[in-house]
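Q: below are the sequence and a predicted model; questions follow.
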Amino acid sequence: MTSDEGPVRVDAWIWSVRLTKTRSLAAAACKAGHVRVNGDKVKPAQVLRTGDEVRVRESGGYERVVVVSRLVRKRLGPPAAVECYVDNSPPRPPREEILLVAIRDRGTGRPTKRDRRDLERLHGGR
């Protein structure tokens, strides 16, 4: 485990501390603008330093906010990974009880006008 030795890429670090599942997903998140360091969008090769604030937007709109406390290059186990950052993320919003989903029998064809109106009412329209 290397610690505080030389520069570390943002994509490698967020993968190493288990904020993303794979390194390629980390690089893709950087390219898509879902990763910010100290408020600025970054490229995957951006150099990270101790004390930087990293914001990673996850699916569903939730944003993880972490402050780098230790630089690492190799992927760590979950207990060791948590020690590499200070988590300042807001609490996750409560999960919806059960999403109401209209169930249609397979092979019934397109919904009728009445079916569409019922769907609109179900999803909060009118």
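A: Perfect, thanks for sending it. Numbering: from 1, shown residues only.
Q: this structure: strands as residue ranges?
A: For the chain, applying DSSP state E gives strands covering 8-9, 35-37, 40-41, 47-48, 53-57, 63-68, 85-87.
Q: out of those strands, which is closest to Trp15?
A: Closest of those to Trp15 is strand 8-9, at 9.4 Å (criterion: C-beta to C-beta). In short, each C-beta sits where N, CA and C put it, glycine included.
Q: how near is Met34 to Gln46?
A: One correction, residue 34 is His, not Met. 13 Å (C-beta to C-beta, to the nearest Å).
Q: once you drop chain neighbours, what's closest to the most centrally placed residue in the chain?
A: Nearest to the geometric centre of the chain sits Glu58, at 1.8 Å (C-alpha atoms, centre = their mean). Excluding its sequence neighbours, the residue lying closest to Glu58 (C-beta to C-beta, 6 or more residues apart in numbering) is Arg64, at 6.4 Å.
Q: Arg36 is in contact with that neighbour, correct?
A: No. Judged on C-beta atoms under 8 Å, Arg64 makes no contact with Arg36 at a distance of 10.9 Å.
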